[in-house]
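> sequence first, predicted coordinates after that:
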Amino acid sequence: MTKFVFVTGGVVSSLGKGIAAASLAAILESRGLKVTLIKLDPYLNVDPGTMSPFQHGEVFVTDDGAETDLDLGHYERFVTTKMKRANNFTTGQIYKSVLEKERRGDYLGKTVQVIPHVTNEIQEFVKRGAADGQDVAIVEIGGTVGDIESLPFLEAVRQMSLKMGPANSAFVHLTYVPWIAAAGELKTKPTQHTVQKLREIGIQPDVLLCRADRPIPDEEREKISLFTNVLPHGVISMQDVDTIYKVPRLLHEQGLDELICMKLQMLTRPADLRRWDMLVNEVEHPQARVKIAMCGKYTDLSDSYKSLNEALRHAGIHNHAKVEIDYVDSETLTPQTAAQLAGVDAILVPGGFGKRGIEGKIVAVQFAREHGVPYLGICLGMQVATIEYARHVAGLEGANSTEFEPDAPHPVIALIEEWKDRDGTIHKRHAGSDLGGTMRLGAQSSDVVPGTLAHEVYGAVVTERPRHRYEANVNYLEQLQQAGLVISALTQREKLTEIVELPRSVHPWFMGVQFHPEFKSTPWGGHPLFTSYIKAALAHQARRAEPVKADA
């Protein structure tokens, strides 16, 4: 029987529930337990796929093609369990399911209400997410205690814990202990109030993870314990750290995993966090530094590129280097301002949607191609690399994507008219199609051309997760190849372009990929593509540092 740990948050949002939940999962996994994680999001969107990154940060894609909350990326980077569609659901999905059942008559004419129908549906979704024979399922409830949106979720898990019994569930509440500079002290009152709110709902937390900008002294922890009815050893200081990979060790040293195992009555081996200690050592003692220019349009919110940022840092760890990311707003990038890219070791154009900033991204591609700077284009970054090559090398003036210019004279990037999903069903695109269901999503395999950079990185077959609607137009591939562009990987089913690159004879490292490799990078395993990219950036840095030889 799977046991459950419910993680809630209070006082303010953005305290790091995802990191806390993932870190607890990592410690429990190191004790030999099978662990999965589930994220409950209280918004009414069916999924985050149509939400702006400015609103909700990155959209993470699972192997089975689900568009999910970015916290599932944290989960996959911290534990070995792969997330699936069932590991993330929203209020929108719950109400959609309830209303479909009501229309079918499943409720036999009853009045459909939040309790019991909505809360029962939430419980069924939670159980479904933990149905893979796991020892522990950690359930993170989005939002902040006290928000009206999350009340049905909290009521549902309260009911679940009551039905399962005290030895089969535990509650961990993440709260905030602010430092008031004018008073020169930490204040515990917000934590007292948020726990009071939680207890009003009927939930008594077993553990408080107290977020602060500094360690919380024993005196304050004892005070929090007294006013929240949480045992003193259950009040855990979760202060700021300079790398998230220190959090598992921080929580373990304060006994979080031991407390949870005792509450759930689980006998396990001792925790083994050596690989996390090795990671932290690599992070703290880099042998080199490398600067990457990331040219995108969501540069004001780093969560928009969360998995990508982490994948670059993982690659830095595996190259014994610290990766510094220089965010460049592609809307400000023009041929006249492109010189700002001269001081970086590599250039990266990430994924995105819409016309804004596209011409600036094309400028970044052209600079990388003409100056021999290592270039990696991801999804849209591959498409703008194709457009740039078509315009400036293949002689296709006005080349563009139909996403940006529907009447482009040379639509080298365009919509595919039909595609197959994972079970082989053929879908046709039509006008007015639901934006939430028109993308190529989830793990797909492609054959890689021998002798290419892609083959050097991946071998004969690459399996990655795409998330996009537009493809390289097959009608232009032969013309682009004749002009020197290398199409180094095609999907096995549809024969669609997945990787483009330049020959090593004309450029040291230049590649665009239609998928999102960042979703499969982990801190201990890294990712072969990013590792190769950072290695190329270090080589470019070394070339630039070589003294210029005087003419004989």
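Done, it's in. Quick caveat: nothing in here was measured; it's all calculated off a predicted structure.
> low-confidence regions, the stretch 401-550 of the chain specifically.
Along the stretch 401-550 of the chain, the model assigns pLDDT under 70 to residues 417-438, 548-550.
> could you pull out the helices for it?
Taking DSSP state H, counting those that start in this stretch as the criterion, the stretch 401-550 of the chain contains helices spanning 453-458, 477-482, 528-545.
> now the stretch 1-150 of the chain
Counting by DSSP H, counting those that start in this stretch, the helices of the stretch 1-150 of the chain are 17-30, 53-56, 71-78, 91-104, 119-129.
> what is the neighbour count of Leu15?
19 (other C-beta atoms under 10 Å). The C-beta positions use only the backbone N, C-alpha and C, and glycine is treated the same way.
> over to Pro270?
By other C-beta under 10 Å, neighbour count at Pro270 equals 11.
> do the one 10 residues further on as well
When neighbours are counted by other C-beta under 10 Å, Val280 registers 20.
> which helix or which strand is home to it?
Applying DSSP states H and E as the criterion places Val280 in helix 274-284.
> which element follows that helix toward the C-terminus?
strand 288-296.
> that following strand pairs with which strands, parallel or anti?
strand 321-329 (parallel), strand 346-349 (parallel) (DSSP bridges).
> and the last one, how far from the chain's centre?
For strand 346-349, the distance between its averaged C-alpha position and the chain's averaged C-alpha position is 19 Å (C-alpha atoms, centre = their mean, to the nearest Å).
> quick revisit: dump the helices of the stretch 1-150 of the chain into CSV; add mean neighbour count as well.
Shown next, in CSV, are those (neighbours: other C-beta atoms under 10 Å):
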stretch, mean neighbour count
helix 17-30, 25
helix 53-56, 16
helix 71-78, 26
helix 91-104, 15
helix 119-129, 19
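> hmm, back to that, which of the strands paired with strand 288-296 sits most buried?
strand 346-349 (a mean of 27; mean count of other C-beta atoms under 10 Å).
> quick check: phi and psi at the residue lying closest to Gly512 once chain neighbours are set aside.
Computed as C-beta to C-beta, 6 or more residues apart in numbering, the closest residue to Gly512 that is not its neighbour in sequence is Met382, at 3.1 Å. When quoted as degrees, to the nearest 10, the phi and psi of Met382 stand at phi -70, psi -40.
> my guess is Met382 contacts Pro517. True?
No: taking contacts as C-beta atoms under 8 Å, Met382 lies outside contact range of Pro517: 11.2 Å.
> more neighbours, these two?
A count of neighbours by other C-beta under 10 Å puts Met382 above the other of Met382 and Pro517, at 27 against 23.
> check the more buried one and give its pLDDT.
Among the per-residue scores, Met382 shows a pLDDT of 97.
> ditto for Ala181
According to the model, Ala181 scores 93 on pLDDT.
> for it, give me its contacts.
Residues counted as contacts of Ala181 (C-beta atoms under 8 Å, 6 or more residues apart in numbering): none.
> check Lys187 too.
Going by C-beta under 8 Å, 6+ apart, Lys187 touches Val177, Pro178, Trp179, Ile180.
> same thing but 7 Å
Val177, Pro178, Ile180 (C-beta atoms under 7 Å, 6 or more residues apart in numbering).
> show me which of the residues you listed is closest to Glu324.
Pro178 (30.2 Å; C-beta to C-beta).
> number of residues surrounding the closest one?
Neighbours around Pro178, by other C-beta under 10 Å: 17.
> next: Pro217.
Pro217 - counted by other C-beta under 10 Å - has 12 other residues nearby.
> which one is it nearest to, not counting chain neighbours?
Using C-beta to C-beta, 6+ apart, the closest residue to Pro217 is Leu186 (7.7 Å).
> ok, back up a step: so can I have CSV of the helices of the stretch 1-150 of the chain showing distance to Arg504 and mean pLDDT?
As requested, these are exported to CSV (distance: least, C-beta to C-beta, whole Å; pLDDT from 0 to 100):
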stretch, distance to Arg504, mean pLDDT
helix 17-30, 39, 97
helix 53-56, 34, 66
helix 71-78, 31, 94
helix 91-104, 47, 96
helix 119-129, 45, 96
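> residues contacting Ala288?
By C-beta under 7 Å, 6+ apart, Ala288 lies in contact with His320, Ala321, Leu538.
> from Glu546, how far off is the first one?
What that stands for is His320. When C-beta to C-beta, to the nearest Å is the yardstick, His320 and Glu546 sit 21 Å from each other.
> who has more neighbours out of those two?
Using other C-beta under 10 Å as the criterion, His320 and Glu546 rank with His320 on top: 12 against 7.
> can you tell me the closest non-neighbouring residue to that one?
That would be Gln287: by C-beta to C-beta, 6+ apart, it lies 4.3 Å from His320.
> give me the pLDDT for the one you found.
So Gln287 comes in at 96 (pLDDT).
> how many neighbours does it have?
10.
> quick check on it: phi, psi?
phi -90, psi -10.
> coming back round to it: now distance to Leu415 too, for the helices of the stretch 1-150 of the chain, in a markdown table please.
Formatted as a markdown table, these follow (distance: least, C-beta to C-beta, whole Å):
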| stretch | distance to Leu415 |
| --- | --- |
| helix 17-30 | 34 |
| helix 53-56 | 22 |
| helix 71-78 | 28 |
| helix 91-104 | 26 |
| helix 119-129 | 33 |
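> ok, which of those comes nearest Lys84?
Of these, nearest to Lys84 by C-beta to C-beta is helix 119-129, at 8.1 Å.
> how about residues contacting the closest one?
38, 86-87, 89, 94, 97-98, 137, 139, 152-153, 155-156, 159-160.
> same deal with stretch 379-398?
348-352, 358, 361-362, 365-366, 377, 399-401, 408-410, 412-413, 467-468, 470, 472, 476, 479-480, 483-485, 500, 512-514, 516.
> list the buried residues of that stretch.
Buried residues in stretch 379-398, counted by 16 or more other C-beta atoms under 10 Å: 379-392, 394, 396.
> now do stretch 353-364
Phe353, Gly357, Ile358, Glu359, Gly360, Lys361, Ile362, Val363, Ala364.
> got it, and stretch 287-303?
Quick answer for stretch 287-303 (16+ other C-beta under 10 Å): Ala288, Val290, Ile292, Ala293, Met294, Cys295, Gly296, Lys297, Tyr298, Thr299, Leu301.
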